[in-house]
Each structure stands twice: as structure tokens, then as C-alpha cells.
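Trainee: what's the 3D shape of this:
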Amino acid sequence: MRALLGNFTDSLNFILDTGSGGISLDSGTVAELGLQPSEPERIIRGIGGIRKVGFIKNHSLKIGNLSIDSLNFHVVDYEVLSSLYGERIDGVIGFSVFSRFIVKINYDTKEVSFWTNGSIKYPKAGYLLRPRLNTLPVSSARIVDNRTLNLNYLFDIGAGLTVLFSSEFIEDSSFLRPKKTRYLKQGEGLGGKVDLYLGVMKELRIGHYRFKNVPICIFNDEYNVTSYPTLGGLIGNDIFRRFNCILNYSKRQIHLQPNSHFRDPFDYAYSGVELYFIDGKIIIGEIPIGSPAFTAGLQQGDEVLGVNNLFGLGINEMRQELQTATGSVRIFIRRNGELATVNMKVISILTGKATGPYKNTRIRQPPDKYKPTPSLIFE
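Mentor: Take a look at the predicted model:
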């Protein structure tokens with residue numbers, strides 16, 4: 001979302017993130033604005049590392065006609081996130097703002113609204129979470145695979161995945177079926193890049209809602225971001241974007257109402273290709289050994305020009321083509337000034353075979369009295 005910082009006239013691009021315990025600005029943006037951060041004074045943790053950060057203190061943020069004052073922004077390098085999204089990321093909005101308002105996020109209309117704290121009447125349809133809340137919301141869900149367990153998780157709309165488990169939780173709980181294949185890919189987060197292992201679990205239950213065959217990621221939580229054994233991991237925005245959400249931090253409540261994305265299929269496609277937008281070009285990142293991209297001969301640093309005879313695509317459109325591809329994919333690249341065509345076979349992490357045009361998400365509907373209305377209408 002867009003917002004204005006202090007008296008600056010150019011709007012900045014922010015990510016909303018319940019996984020952030022404060023509010024932050026990109027170090028490059030801070031330098032361009034001519035701001036001078038304090039000396040590093042606080043340690044923050046992310047899945048990619050630990051950083052000691054300074055602050056831009058006592059500044060205001062204007063979102064539409066709403067002005068929020070007395071904010072202390074910690075300063076972090078978001079260059080990797082900008083290259084991942086394909087657009088400039090100037091900062092992250094977290095607890096420092098969420099704690100001051102009731103925040104309604106409507107994924108159907110792509111609208112975010114801010115309301116003063118107080119009494120609120122939630123929609124009849126939906127489910128009310130009552131998370132534990134210090135600066136980050138923590139809740140519980142039921143997960144099913146080799147075993148059925150309750151998972152204490154971080155509610156994290158800033159994470160662009162379904163479920164992220166710490167490897168310690170997976171090993172200690174024997175949750176996953178033994179000998180299940182895992183697929184290596186690279187993820188990005190605060191602190192840098194990290195290796196993730198992809199898999200699928202049988203079921204995720206949040207309140208009345210059940211999702212079958214849910215893609216999962218497993219990572220070595222070297223910096224204890226999940227505070228294991230307090231938490232086993234986090235649930236991210238590829239789950240919560242399926243609901244219109246009301247964040248009511250003052251009452252320690254989060255309301256979820258299924259929306260038009262509720263039945264969207266999960267992404268099981270695995271290629272090993274990670275794309276980044278760097279200097280106006282779409283570039284392939286590090287390629288896992290043994291992945292379809294590795295087998296096809298793609299290399300880190302290759303510039304991707306087109307996919308399946310489609311050219312001129314943006315980075316998100318190109319990712320979508322790779323995610324929805326079935327079977328073999330033709331990728332047009334430039335390497336060391338030379339043009340080349342590479343054929344790559346995309347496989348499914350659900351079946352371990354080449355992806356096919358089958359419906360791959362099954363969602364169990366709640367009882368009739370909990371069935372969702374098509375969308376959440378704000379008054």
C-alpha cells in the first residue's frame with residue numbers, strides 16, 4: 001500500500017505485515033530522503049539472519065486522510081524484497097500501526113480501512129480468533145499428516161506462503177509421514193535468503209475451515225525466529241488471503257470471513273527457478289542441485305526473456321506462467337549475450353510427477369450456519 005512519510009511529497013510503497021513487531025523503512029529510501037538514522041541500538045531477527053538496526057524516530061505516516069504520528073521506524077535493507085516483488089519496497093507496516101486501530105483488510109476489493117479502537121460488530125459469517133498478543137499475534141491450528149497435532153503458530157500476512165515449519169518441530173514431533181520427498185528452493189525474508197524444503201501435508205484446520213493437501217515449507221530456524229518450542233512455525237498469506245480479515249489488536253481478536261479466493265487452488269508446481277527483477281531485467285537466482293531447472297541446464301544469472309512464446313511479461317506474470325504450467329515449459333533466455341531456448345519439465349510436489357491440468361485443491365465446507373457471504377461490505 002502507498003503512504004506518505006512526514007512532510008515528504010512522494011508516496012512510498014509499504015508491505016502490511018503482522019509478522020513485524022514495529023514499523024520500518026528501507027535503508028536505501030532513508031538515504032535518498034536525506035534522513036539520518038540513529039546508531040544501531042536494537043537487534044531484530046529474521047529467517048535469513050540477525051541485524052542490529054538504527055531508527056528514524058518520531059516521524060508521522062499519512063495513509064489517505066489518516067495521519068499517524070510519533071512513529072519510530074527501524075532501518076533495514078529491503079533490496080532483496082524489492083527485486084523479488086519487481087517494484088520498490090520502501091518499508092514494512094507492523095505492530096506500531098496495527099495496535100492503534102481496528103484494521104480491515106478486504107482481499108476482494110483490495111481495500112484496507114483503519115477504524116478507531118472500540119466496540120465493533122463482526123459479520124455473522126466467519127470465525128473469530130483470539131490470539132495471544134504481545135507485539136506479534138500467536139494462535140493455534142490443527143494440522144494432520146502422519147499425526148494429528150495442535151500447532152502454535154505466528155499469524156503472518158507478510159509471509160507469501162502457506163505454512164512454514166521449523167525443522168526442529170518437524171523432527172521432534174514426527175508429524176510428517178516418513179520418507180516423504182522434500183524439494184529444495186530458496187526463500188527470502190528479513191536478513192536475506194534461506195534454503196526452504198517444500199512438501200505437502202494432508203490437512204490444515206483453522207476454526208471451522210479445512211484445507212486438504214496443503215503445500216508446506218520447512219527451514220532450519222538457526223536464529224530461532226519461531227521461538228521453538230513455543231511455536232512450531234507460522235501460517236502465511238497464501239492461507240489468509242482466502243479470508244477478509246479484521247485485525248482488532250486492542251481486544252486481542254482477529255476475525256476471518258471466507259472470500260472469493262477461498263477456493264483458489266494451491267500451487268504445487270516445482271521448477272527450482274527463482275526470479276528477481278534487477279536493473280530492469282528478470283534474472284534467475286541460485287538454482288538448487290537436482291531441481292528441474294538444474295536438470296534442464298539453466299544457470300544463476302540467466303536473463304529470462306519469455307516463457308512458452310509469451311514475451312514482454314512482468315516478473316509476477318512470468319512467475320504465474322511457471323506456476324500454472326503443465327508438463328514441459330519452454331524458457332527463452334539470454335546468457336553472456338547469447339540467446340538460447342531451454343525446455344524444462346515442471347513437476348508437482350503433490351505427486352512427484354510432471355504437473356498436469358487437474359484440480360488440485362480440496363476444501364471442506366463449514367456447516368451451513370458458517371457458510372460465507374460472497375464478500376465483506378464495510379459501512
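Trainee: contacts only, for the residue sitting nearest the centre point of the chain.
Mentor: For the chain, the residue nearest the mean C-alpha position is residue 160 (1.6 Å; C-alpha atoms, centre = their mean). Going by C-beta atoms under 8 Å, 6 or more residues apart in numbering, residue 160 touches 236, 237, 238. Heads up, the C-betas are built off the backbone N, CA and C, glycines and all.
Trainee: quick check: it vs residue 5, distance?
Mentor: 24 Å (C-beta to C-beta, to the nearest Å).
Trainee: repeat that for residue 45.
Mentor: Residue 45 is 25 Å from residue 5, by C-beta to C-beta.
Trainee: so which of these two has more stuff around it?
Mentor: residue 5 (24 against 16; other C-beta atoms under 10 Å).
Trainee: and the more buried one, what pLDDT?
Mentor: For residue 5, the pLDDT comes out at 97.
Trainee: again with residue 369
Mentor: Value for residue 369, per-residue pLDDT: 36.
Trainee: sorry, back to before: from the contacts of residue 160, list just the buried residues.
Mentor: Among the contacts of residue 160, those scoring as buried are 236, 237, 238 (criterion: 16 or more other C-beta atoms under 10 Å).
Trainee: could I get the full set of helices for the stretch 1-150 of the chain?
Mentor: In the stretch 1-150 of the chain, the helices defined using DSSP state H, counting those that start in this stretch lie at 27-32, 79-85, 95-98.
Trainee: output these in TSV; the columns should cover mean pLDDT, mean neighbour count and distance to residue 111.
Mentor: Putting those into TSV (pLDDT from 0 to 100; neighbours: other C-beta atoms under 10 Å; distance: least, C-beta to C-beta, whole Å) gives the following:
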stretch	mean pLDDT	mean neighbour count	distance to residue 111
helix 27-32	96	17	25
helix 79-85	89	19	20
helix 95-98	97	21	16
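Trainee: follow-up on the earlier one: give me the subset of the contacts of residue 160 that lies in helices.
Mentor: Filtering the contacts of residue 160 for membership in helices, criterion DSSP state H, returns 237, 238.
Trainee: what would the contacts of residue 160 look like in JSON lines with pLDDT?
Mentor: Listed next are those as JSON lines, based on pLDDT from 0 to 100:
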{"residue": "236", "pLDDT": "97"}
{"residue": "237", "pLDDT": "97"}
{"residue": "238", "pLDDT": "97"}
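Trainee: which one of the contacts of residue 160 sits closest to residue 9?
Mentor: residue 237 (30.6 Å; C-beta to C-beta).
Trainee: quick check: that closest one vs residue 251, distance?
Mentor: Taking C-beta to C-beta, one finds residue 237 at 22 Å from residue 251.
Trainee: one more: residue 41?
Mentor: 32 Å.
Trainee: pretty sure residue 70 sits against residue 61.
Mentor: No - counting by C-beta atoms under 8 Å, residue 70 does not reach residue 61; the two are 10.2 Å apart.
Trainee: these two: which has the busier surroundings?
Mentor: Per other C-beta under 10 Å, whichever of residue 70 and residue 61 has more neighbours is residue 61, with 21 against 10.
Trainee: got the phi/psi numbers for residue 324?
Mentor: When read as degrees, to the nearest 10, the backbone of residue 324 gives phi -100, psi 0.
Trainee: and the closest residue to it other than its chain neighbours, what are its bridge partners?
Mentor: Spatially, and ignoring its direct neighbours in sequence, residue 324 is nearest to residue 269 (7.2 Å; C-beta to C-beta, 6 or more residues apart in numbering). For residue 269, the beta-bridge partners are residue 348 (DSSP bridges).
Trainee: residue 269: how many residues sit nearby?
Mentor: 21.
Trainee: residue boundaries of the helices in the stretch 201-350 of the chain?
Mentor: 237-240, 292-296, 315-324.
Trainee: least reliable of those helices by average pLDDT, please.
Mentor: helix 315-324 (a mean of 89).
Trainee: buried ones in that one?
Mentor: Buried residues in helix 315-324, counted by 16+ other C-beta under 10 Å: 315, 318, 319, 321, 322.
Trainee: ok, now stretch 293-300?
Mentor: 293, 294, 296, 298.
Trainee: and the chain, what are its domain boundaries?
Mentor: 2-113, 120-266, 269-348 (automatic domain parsing).
Trainee: mind checking how far the first one is from the chain centre?
Mentor: Relative to the chain's own centre, domain 2-113 is displaced by 16 Å; criterion: C-alpha atoms, centre = their mean, to the nearest Å.
Trainee: same check on the second one?
Mentor: In terms of C-alpha atoms, centre = their mean, the centre of domain 120-266 is set 10 Å apart from its chain centre.
Trainee: neighbours of the residue lying closest to residue 70 once chain neighbours are set aside, just the number please.
Mentor: Leaving aside its chain neighbours, residue 70 sits nearest to residue 58 (5.9 Å; criterion: C-beta to C-beta, 6+ apart). Using other C-beta under 10 Å, the number of residues around residue 58 comes to 11.
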